[in-house]
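Student: Generate coordinates for the sequence data below:
(one chain, ligands or ions: 1)
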Amino acid sequence: FMELSRKVMQIQPSATLKTSAMAKQMIADGIDVINLGIGEPDYQTPDNIKQAAIDSIQNGKASFYTPATGLPELKRAISARIEADHGYHFDPSQIVVTDGAKMALFTLFQVILNPDDEVLLPVPYWVSYSEQVKLASGVPVEVGTDRQLRFTVADLEAQRTPKTKALVLNSPQNPSGLVFSQEELTAIVNWAVKNDILVIADEIYEKLLYNGNHFTSVLELGDANMDHIVLINGVSKAYSMTGWRIGYAAGPKAIMAKMGVVLGHAASNPAAVSQYAAIEAFSGDQSSVETMRQGFEARLNELYPLISGLPGFKMTGGKPAGAFYMFPDVTEALRLTGYSDTPAFVQAVLEDAHVGLVPGEAFGLPGHVRLSYATDMELLREAYRRLQKFMEQKI
Ligand code: PLP
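Tutor: Have a look, this model is predicted:
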């Protein structure tokens, strides 16, 4: 009976959540779907972390509000973790703890954007960046890449205008698993600083690097850049804690202080029990991170040659270096099977082969599909067999 907000009407539902919901519905209906469409580790949260949460409930600490931007002990634990991993020191006042990294990004865009300010998003990019920018009255601007999915300063420069406010730099990248080298990062960050553009570095997959590939954080490029960098990270992927909803932003004090103001009116603090769990995640025994990483690596190494060998599937970016996704170019598979676009192909794969994928449209790059290998190896093998059979039948 009433007109809804114009801002909200231009927002698309999260496509990964949509495919995932469809797959989940089929599973609920008793259909044996293997859902490779979801972006979460299948491992349990490590026991030491669970125990810290249980303790905080039993000793009564989890019963109360915490400061809106997070417990001081948690900020200290985050600061210490970052310093140990990357040699850069954030004062705890430069850290804001949020309901997942997603909420850190959402709040950050609210704080930095004025109407029509532009945010550069190199394709392919994680679904939520563009919609969050729009919700903050900003304009997402896609940055093209080469066939290997890597972008350069020239690609950024081609999209820069006087309204360019920020650039989202996601490494290791969802959906392609691409990791930027120190040389590439240096060139990109230098360009941003020179042009007074804020670099939003989403490093949530930083712990998931495979086969000897090395991750360089933007924090390692030199302290002079730090007034132009906001780091986004969290516990979801590294510690298998997607359900706990703890992420953070770390960066210039003025930005972080305003994020605190927004959060104070919007969410207040993230669940106290999750914050106590996160303290243990960041400061406790880190060996489970490596155990899980090795698990993902074994899956990648077995699945990669299989998926690359499917008719019409091309791994344009080469073997993924990090995260837990593959992002094959399926333009040739579409041609071979006659589907008009990736969503139609993905729908058919779900309905006929009972395998859940995500269309590249969700990442600003049609003609690709994303599949997650954060699933049991036996299920991955079966998913491959189903895809292979699907392709054989449709060609
Ligand atoms: N950034 C990227 C690139 C992601 O893939 C995700 C989750 O899928 C997030 C951020 C958000 O993670 P969370 O809100 O669970 O911390």
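Student: how near is residue 361 to residue 341?
Tutor: Using CB to CB, to the nearest Å, we find residue 361 at a distance of 8 Å from residue 341. In this view, the C-beta of every residue, glycine as well, is placed from N, C-alpha and C.
Student: Between the two, tell me which one has more neighbours.
Tutor: When residue 361 and residue 341 are compared for neighbours, residue 361 comes out ahead with 18 against 14, by other CB atoms under 10 Å.
Student: helix/strand/coil for the more buried one?
Tutor: Each residue gets one of three states, and residue 361 gets helix by DSSP: H, G, I helix; E, B strand; the rest coil.
Student: any idea how far residue 127 is from it?
Tutor: From residue 361 across to residue 127, the span is 10 Å (CB to CB).
Student: swap in residue 19?
Tutor: 11 Å.
Student: shared neighbours, these two?
Tutor: With contacts defined as CB atoms under 8 Å, 6 or more residues apart in numbering, the residues shared by residue 19 and residue 127 are residue 362.
Student: How about the residues of the stretch 151-300 of the chain by the ligand?
Tutor: On the criterion CB under 6 Å from any ligand atom, the ligand has as its neighbours in the stretch 151-300 of the chain the residues 170, 174, 202, 204, 234, 236, 242, 247.
Student: Among the residues you listed, which one lies nearest to residue 287?
Tutor: Nearest to residue 287, judged by CB to CB, of these is residue 236 at 18.8 Å.
Student: The closest one: what's its closest spatial neighbour, skipping adjacent residues?
Tutor: residue 242 (4.5 Å; CB to CB, 6 or more residues apart in numbering).
Student: residues in contact with the one you found?
Tutor: Neighbour list for residue 242: 40-41, 236 [criterion: CB under 8 Å, 6+ apart].
Student: Help me confirm that residue 192 is found in a helix?
Tutor: Yes - assessed by three-state DSSP, residue 192 belongs to a helix.
Student: any idea how far it lies from residue 255?
Tutor: For residue 192, the distance to residue 255 - CB to CB - is 15 Å.
Student: Which of those two has more residues huddled nearby?
Tutor: When residue 192 is set against residue 255 and neighbours are counted by other CB under 10 Å, the residue ahead is residue 192, at 25 against 19.
Student: Would you confirm that that one contacts residue 200?
Tutor: No - counting by CB atoms under 8 Å, residue 192 sits too far from residue 200 to count as a contact (9.9 Å).
Student: remind me, longest helix of this protein?
Tutor: Scanning the chain for the helix with the most residues, using DSSP state H, yields helix 287-308.
Student: And whatever helix or strand comes next after that one, what does it pack against?
Tutor: Elements were assigned by DSSP states H and E; along the chain past helix 287-308, the next helix or strand is strand 325-326. Using 3 or more CB pairs under 8 Å, 6 or more residues apart in numbering; DSSP states H and E as the contact criterion, the elements in contact with strand 325-326 are helix 287-308, strand 369-372.
Student: in its sheet, what does strand 325-326 sit against?
Tutor: Strands adjacent to strand 325-326 in the sheet, as given by DSSP bridges, are strand 369-372 (antiparallel).
Student: after the strand it pairs with comes which helix or strand?
Tutor: Downstream of strand 369-372, the first helix or strand assigned by DSSP H and E is helix 377-394.
Student: buried stuff in that next one?
Tutor: Along helix 377-394, these residues count as buried under the neighbour rule (16 or more other CB atoms under 10 Å): 380, 382-384, 386-388, 390-391, 394.
Student: can you give me the angle that helix makes with helix 287-308?
Tutor: Taking axes from the mean of the first three to the mean of the last three CA atoms, to 10 degrees, one finds that helix 377-394 is oriented at 20 degrees with respect to helix 287-308.
Student: Which residue does this protein have closest to the ligand?
Tutor: Checking the chain residue by residue against the ligand with CB to the nearest ligand atom singles out residue 100 as nearest, at 2.6 Å.
Student: burial of that residue, as a residue count?
Tutor: The number of residues packed around residue 100, counting by other CB under 10 Å, is 22.
Student: For my notes, confirm residue 230 occurs in a helix.
Tutor: No - according to three-state DSSP, residue 230 belongs to no helix; its state is strand.
Student: For the residue lying closest to it once chain neighbours are set aside, give me its contacts.
Tutor: Nearest residue to residue 230, sequence neighbours excluded (CB to CB, 6+ apart): residue 251, at 3.5 Å. Residue 251 makes contact with 94, 226, 229-231 under the criterion CB under 8 Å, 6+ apart.
Student: Kindly report the same for residue 24.
Tutor: Listed by CB under 8 Å, 6+ apart, the contact set of residue 24 reads residue 35.
Student: before we move on, the earlier item: touching both of residue 361 and residue 341, which residues are there?
Tutor: What both residue 361 and residue 341 touch, as defined by CB under 8 Å, 6+ apart, is an empty set.
Student: centre of the chain versus stretch 190-210, how much separation?
Tutor: Here stretch 190-210 is found 13 Å from its chain centre; the criterion is CA atoms, centre = their mean, to the nearest Å.
Student: how far does it stretch from start to finish?
Tutor: Distance across stretch 190-210, first residue to last, is 27 Å (CA to CA, to the nearest Å).
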